[in-house]
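*Asks:* let's see this in three dimensions:
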Amino acid sequence: MKFALLTCASAALLLSGCADRSKVKPPLAAKAYGTQIVEQSGGKQTTSVGAKLSDPVVVQVNGSDGNAVVGARVTFRGDGVAFTPAQVLTDDSGQASTIAQLGTIPGGYTIVAETPKSGGGSSSVSVRETALGYQEKVGKQVSDKYCIMCHDPESTTERVSNFDNLAPPQPHLFSDGSVLNSISDADLTRIIADGGTALGKSPQTPAYRGTLTPAEIKAVVAYIRAIADPPFQHP
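*Replies:* The predicted model follows:
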């Protein structure tokens, strides 16, 4: 009886292994080859952990003459990222796109798009995306309500940007890591709570101590750190 059970279990494992191998798709056959792959759109997006990005990641394959290549194979990969599809041939405009779903751990994710070259080797391009955890999502919600009209130059149907009407005339984007990464968490917290004058910054930066809770202010700082470009390195 034990031998029969072991035999059945072994058969089940073998069948399972076969089934798993059958799900692995072979590489698409490239119809053409390029020499360069570049990002067209879809980089630097944010979404919730475990969620799909709102916009597709789009890349383009070009030849040595700089013209788009039709039928080149593009493979998308990234640790903790799921793709639909993971490989595709470039269309009539030389472009390939995918929908990416980020992992369940908050933080930055790197997506690599790669295309083979005719003489061997490959060309690749990397884009960075960000998955927001609960605290960062709260920070984004607070930013969208109180901060974005002065720290984002884009006007939308939902809001009108005040970006160009302030002194200094162009406030730093919250993603401007080249400036904000050098400011400590404590100083960012103080600016948000007590206004720009607390650290000798613009007096047009209002104080939110009476509007936001300490947890909400901390969440805004976490959001700024999450979307920093270049990425913020925690001490």
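
*Asks:* from now on I want contacts and neighbour counts done on CA atoms only, so please keep to that.
*Replies:* Fine.

*Asks:* read off the pLDDT value for residue 138.
*Replies:* Looking at residue 138, its pLDDT stands at 98.

*Asks:* I misspoke; the intended subject was residue 3.
*Replies:* Note on residue 3: pLDDT of 47.

*Asks:* again, but for residue 27
*Replies:* Here, the pLDDT recorded for residue 27 equals 85.

*Asks:* so what's it up against?
*Replies:* Shown in contact with residue 27 (CA atoms under 8 Å, 6 or more residues apart in numbering): residue 87.

*Asks:* now it: phi and psi?
*Replies:* phi -60, psi 140 (degrees, to the nearest 10).

*Asks:* I'd like the next helix or strand past the least confident helix or strand in the chain by mean pLDDT.
*Replies:* When each helix and strand of the chain is scored by mean pLDDT, DSSP states H and E, helix 2-23 comes last, with a mean of 50. Moving toward the C-terminus from helix 2-23, the next helix or strand (DSSP states H and E) is strand 36-41.

*Asks:* what's that following strand packed up against?
*Replies:* strand 57-62, strand 107-116, strand 122-132 (3 or more CA pairs under 8 Å, 6 or more residues apart in numbering; DSSP states H and E).

*Asks:* could you redo the last one with a cut-off of 7 Å?
*Replies:* Contacts defined by 3 or more CA pairs under 7 Å, 6 or more residues apart in numbering; DSSP states H and E place strand 36-41 against strand 57-62, strand 122-132.

*Asks:* list the contacts of the following helix or strand past it.
*Replies:* Where DSSP H and E defines the elements, the next helix or strand beyond strand 36-41 is strand 46-48. For strand 46-48, the surrounding residues in contact (CA atoms under 7 Å, 6 or more residues apart in numbering) are 53, 129-133.
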